[in-house]
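**Q** got a structure for you, letters missing:
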């Protein structure tokens, strides 16, 4: 199944694990979600027999975190953080390390299989997980062993990840949709490929962003830039026109870019 087929069948991306693998499929020799699904389902089966009695939510989360980050051995990759392999779940499982969003997806999908109301939280520069309860949301950081995160720590994470360029706001802790999780996953890869001037890889990531967010201007702008770098002028101009069409307010930078290209 391609990402396009997946999105046609599951536009809300409820099958998040499958979507996370197909979204980075061109990186993988065999982009088959089944092995990863089997692993995560196995984790949940093992954990189901370890849940605390009498029931305690905090105790259950402790068991989940101990299992994933000590017994399985998953950890945040602080040494080769920008390695694209950190975004591909099959490779994360093989290497036992990954970026925040990849580890968060594994945490969310394991927790959901145990009946937890797990969600993704897309802080600027750092991805968290949450448990959405009637009394509010509890937040956790899978990149750092699943430790609990409050607003003060979330603000510190935002400041560290953005170099102080983004001021923390509590609205940043609102859960995001599964489709938004996949957009964030692919955009992380896209930024890395553009930075490395890996234009073949940047083409498929920008195309996947177009598939995931077809009504937004930015993915078409991203792909136009990549196509121009690849010398694909006609296709780049087509994407640039679409970016301008989708822009809510005409972006003067896009207009100037188009004018220069048309003038040769």
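**A** Right, received. Where do you want to start? Everything quoted here is computed from the prediction, not taken from an experiment. Residues are numbered from 1 along each chain as shown.
**Q** Please name the nearest non-neighbouring residue to residue 113.
**A** residue 44 (3.5 Å; C-beta to C-beta, 6 or more residues apart in numbering). Yep, even glycine has a C-beta here, placed from its N, CA and C like the rest.
**Q** For that neighbour, list the residues it contacts.
**A** The neighbours of residue 44, taking C-beta atoms under 8 Å, 6 or more residues apart in numbering as the test, are 110, 113-114.
**Q** who does residue 126 bridge with?
**A** Counting by DSSP bridges, residue 126 is bridged to residue 123.
**Q** Help me confirm that it comes into contact with residue 100.
**A** Yes - in this structure residue 126 lies within contact range of residue 100 using C-beta atoms under 8 Å: 5.6 Å.
**Q** Please enumerate the shared neighbours of these two.
**A** Common neighbours of residue 126 and residue 100 (criterion: C-beta under 8 Å, 6+ apart): 141, 143.
**Q** ok, those two, which is more surrounded?
**A** Under the criterion of other C-beta atoms under 10 Å, the comparison of residue 126 against residue 100 puts residue 100 first, with 26 against 22.
**Q** what about the more buried one, distance to residue 106?
**A** Residue 100 sits 11 Å away from residue 106, going by C-beta to C-beta, to the nearest Å.
**Q** now the helices for the chain?
**A** Taking DSSP state H to define them, one finds helices in the chain at 3-9, 16-22, 34-48, 57-66, 89-95, 100-113, 151-162, 178-195, 199-212, 217-229, 233-246, 252-263.
**Q** With neighbour count as new columns, can the contacts of residue 44 be given to me in JSON lines?
**A** Output for the contacts of residue 44, formatted as JSON lines (neighbours: other C-beta atoms under 10 Å):
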{"residue": "110", "neighbour count": "24"}
{"residue": "113", "neighbour count": "18"}
{"residue": "114", "neighbour count": "17"}
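**Q** Low-confidence ranges, the protein, go.
**A** 250-252, 255, 257-264 (pLDDT under 70).
**Q** quick check: domain ranges of it?
**A** Domain segmentation of the chain under automatic domain parsing yields 3-167, 179-263.
**Q** Format those as TSV; extra columns: distance to residue 173.
**A** Converted to TSV, the domains of the chain look like this (distance: least, C-beta to C-beta, whole Å):
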stretch	distance to residue 173
domain 3-167	6
domain 179-263	14
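**Q** Much appreciated, bye for now.
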